[in-house]
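>>> sequence first, predicted coordinates after that:
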Amino acid sequence: MQHLTLVGILVLNSFLFLPHERVELSEKCDGGIVITIERTGCFGTCPVYSAQIHADGTVVYVGKDNVKEIGERRFKISQERIQELIKEFQRINYFSLKDRYETDEKGMSVTDQPTTTTSICLDGKKKSVVNYYYAPRELDALEDKIDSLAGLYKFLGPL
């Protein structure tokens, strides 16, 4: 009986860490700039958090697991940093990226990847991209740039 319980727990845990549909942090796209990032867990100690960056420079960070700061933090970043982020989205032609990256060119995937979802609302247009596996390097770099320019690293670690 204990063996079945352990198997059940392992199966349940595997569902918790599979890529899932993202709940949008902001449904409105009224011409203001809003950038979001959300990183989900993995079987290890991947940082789990989300952040919204608003046009006025307000950043709303929510740490959930495997981060130094758990809970919500609000602070401001400069307009220069926001403009640098927008230029990075434009540089990689973000609006032309696929909506989801989950498999390689052969349709293969893996099961223990964290998922990173980014989005931007710019000039009345909104785009979200889910990065689970095999995304372009430019997207990975953009995600790191968001963390850096939004000042998120101070909340992420070391634990």
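Perfect, thanks for sending it.
>>> report pLDDT for Asp104.
Confidence at Asp104, expressed as pLDDT, is 89.
>>> count of residues packed around it?
11 (other Cβ atoms under 10 Å). (Glycine included, C-beta is placed from N, CA and C.)
>>> state whether it is indeed within a strand.
No. Using DSSP: H, G, I helix; E, B strand; the rest coil, the assignment for Asp104 is coil, not a strand.
>>> check contacts around the closest residue to it other than its chain neighbours.
Spatial nearest neighbour of Asp104, excluding adjacent residues (Cβ to Cβ, 6 or more residues apart in numbering): Tyr134 at 4.4 Å. By Cβ atoms under 8 Å, 6 or more residues apart in numbering, the contact set of Tyr134 is 101-105, 109.
>>> of these - the most surrounded one?
Compared across those, Tyr101 has the highest neighbour count, 21 neighbours, by other Cβ under 10 Å.
>>> leaving aside the residues adjacent along the chain, what's closest to that residue?
Ala135 (3.7 Å).
>>> returning to what we had before: measure the residue nearest to Asp104 to Thr103 for me?
Using Cβ to Cβ, to the nearest Å, we find Tyr134 at a distance of 6 Å from Thr103.
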